[in-house]
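Chemist: sequence first, then the predicted structure, then my questions.
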Amino acid sequence: MEAAKRGIKQSIIDSALKDVKPIKRVLRRDRNQSEFKLTLKRYLNRVVTTENVKRGKNMAKRHSNILRAVTKKYGVAPRVILAIWGIETRFGLVKANVPLIPSVATLAYDRRRSKYFRAQLFAVLRMLDKGYIDQDSLFGSWAGAMGQPQFMPSSYLAYAQDFDGDGRRDIWKSVPDVLASIANYLAKHGWRSDMTWGREVALPVGYAENLGTPTRRVTRGCRARTSALKNLAAWQSEGVRRISGADLPTRNLSAVLVLPDGTEGRAFLTYKNYAAIMSYNCAHLYGITVGVLSDRIGKR
């Protein structure tokens with residue numbers, strides 16, 4: 001078996017994969033993900049609620065010392081870390097209850113994303129083999145995302161952090177580990193501390209309709225598309241303005257235009273940090289919502 005060839009103990013393989021059967025509801029969920037079906041307005045209304053913003057601000061105060069230390073090490077703004085934590089599990093309130101291995105195995109043998117989920121299945125087995133978690137505690141989302149930051153197994157192996165120093169990378173129960181793991185993920189995907197994620201903008205009449213079909217990938221391996229990359233000065237010269245009508249920033253930054261709902265919806269200019277967010281979840285509704293929620297949490 002391939003897992004054994006990868007050095008995973010046979011006892012782990014036998015225990016983990018015993019009596020595993022496909023789960024039909026996992027396949028149904030895979031083909032009906034909200035990030036690809038809702039409008040931006042509906043998605044924002046679900047996530048950027050008064051309650052979530054208030055809880056985010058409270059979390060910022062409660063964990064201010066940890067967030068300060070995490071930001072110092074990884075360079076990611078607390079409001080962005082909190083926004084992802086809030087979207088993924090409502091700051092740890094939502095507990096995953098789906099047995100992880102049957103879910104990942106189901107998707108591994110489904111043709112749509114077989115290669116990706118086979119890698120996730122091997123990553124889960126590696127986690128068990130290394131003793132990072134025991135099988136009885138191995139629960140996740142229907143798609144195999146784990147813990148408070150909803151890391152995929154391969155992301156856990158690559159990016160999870162032991163920030164509380166107890167020798168375990170505990171993204172299930174340790175808030176310091178959760179916050180540091182999110183920050184490390186973004187940092188390793190190109191987050192820059194000297195800029196924000198982007199901003200909503202106002203476009204000239206008829207501008208969006210004349211842009212043509214977006215063709216630029218947001219980031220490697222992501223199917224979401226944006227406009228071509230242009231300097232802020234170029235966007236300014238074409239009549240793009242802040243949503244208030246004021247001029248764009250004068251910094252020498254490049255940005256892409258994102259239209260989550262197409263030419264008739266809201267428009268956003270996004271910077272390199274937006275690509276880091278999209279590496280976490282490759283859907284414009286997700287990326288824009290992280291940005292908007294982070295701005296609300298960080299607003300005084």
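Modeler: Received the coordinates, thanks. Numbers count the residues shown, from 1 in each chain.

Chemist: check contacts around residue 221.
Modeler: Shown in contact with residue 221 (CB atoms under 8 Å, 6 or more residues apart in numbering): residue 282. C-beta here means a position set from N, CA and C on the backbone, and glycine is covered the same way.

Chemist: quick check: phi and psi on it?
Modeler: Note on residue 221: its backbone torsions stand at phi 80, psi 0 [degrees, to the nearest 10].

Chemist: quick check: it vs residue 197, distance?
Modeler: Distance of residue 221 to residue 197, computed by CB to CB, to the nearest Å: 19 Å.

Chemist: and what of residue 211?
Modeler: For residue 211, the distance to residue 197 - CB to CB - is 21 Å.

Chemist: who has more neighbours out of those two?
Modeler: residue 197 (26 against 14; other CB atoms under 10 Å).

Chemist: surely the more buried one touches residue 272?
Modeler: No - Residue 197 is beyond contact range of residue 272, at 9.2 Å (criterion: CB atoms under 8 Å).

Chemist: what about the closest residue to residue 224 other than its chain neighbours, how many neighbours?
Modeler: Nearest non-adjacent residue to residue 224, counting by CB to CB, 6 or more residues apart in numbering: residue 218, 4.8 Å away. Applying other CB under 10 Å, we find 23 residues neighbouring residue 218.

Chemist: do residue 90 as well
Modeler: By the criterion of other CB under 10 Å, residue 90 has 15 neighbours.

Chemist: contact partners for it?
Modeler: Neighbour list for residue 90: 52, 55 [criterion: CB under 8 Å, 6+ apart].

Chemist: can you give me the pLDDT of it?
Modeler: If you check residue 90, the pLDDT there is 97.

Chemist: and if you look at residue 1?
Modeler: Residue 1 is given a pLDDT of 59.

Chemist: and residue 141, by the same measure?
Modeler: Residue 141 carries a pLDDT score of 87 in this model.

Chemist: which stretches of the stretch 51-200 of the chain form strands?
Modeler: 98-99, 139-140, 198-202 (DSSP state E, counting those that start in this stretch).

Chemist: go through the longest one and flag the buried ones.
Modeler: By that I understand strand 198-202. 198, 199, 200, 201 (16 or more other CB atoms under 10 Å).

Chemist: quick one: which of those residues is nearest to residue 43?
Modeler: Using CB to CB, residue 200 comes nearest to residue 43 of those, at 14.7 Å.

Chemist: what sits opposite the closest one in the beta ladder?
Modeler: Bridge pairing for residue 200 (DSSP bridges) gives the partners residue 268.

Chemist: touching, it and residue 245? I think so.
Modeler: No - using CB under 8 Å, residue 200 and residue 245 do not qualify as a contacting pair, with a distance of 12.0 Å.

Chemist: quick check: the gap between the residue lying closest to residue 227 once chain neighbours are set aside and residue 194.
Modeler: Closest residue to residue 227 apart from its sequence neighbours, by CB to CB, 6+ apart: residue 257 at 4.0 Å. According to CB to CB, residue 257 and residue 194 sit 21 Å apart.

Chemist: and the pLDDT for residue 215?
Modeler: For residue 215, the pLDDT comes out at 89.

Chemist: so who does it touch?
Modeler: For residue 215, the contact set (CB under 8 Å, 6+ apart) comprises 225, 228.

Chemist: need the phi and psi values for it.
Modeler: phi -130, psi -10.

Chemist: and which of the buried residues of strand 198-202 is nearest residue 156?
Modeler: Lowest distance from residue 156 to the buried residues of strand 198-202 (CB to CB) belongs to residue 198, with 28.0 Å.

Chemist: now for the worst-scoring helix or strand of the chain on mean pLDDT, which elements pack on it?
Modeler: One helix or strand of the chain scores below all others by mean pLDDT, DSSP states H and E: helix 24-30, with a mean of 70. If contacts are counted by 3 or more CB pairs under 8 Å, 6 or more residues apart in numbering; DSSP states H and E, helix 24-30 sits against helix 100-108.

Chemist: now could you export just the CA positions of the helix it packs on as PDB?
Modeler: Only the C-alpha atoms of helix 100-108 are listed here, as PDB (Å, rounded to 0.1, in the frame of the first residue of the first chain):
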ATOM      1  CA  LEU A 100     -12.300  13.100   9.500                       C
ATOM      2  CA  ILE A 101     -10.900  10.000   7.800                       C
ATOM      3  CA  PRO A 102     -14.100   8.800   6.200                       C
ATOM      4  CA  SER A 103     -14.700  12.300   4.800                       C
ATOM      5  CA  VAL A 104     -11.200  12.700   3.400                       C
ATOM      6  CA  ALA A 105     -11.300   9.200   2.000                       C
ATOM      7  CA  THR A 106     -14.600   9.800   0.300                       C
ATOM      8  CA  LEU A 107     -13.200  12.900  -1.500                       C
ATOM      9  CA  ALA A 108      -9.900  11.100  -2.200                       C
END
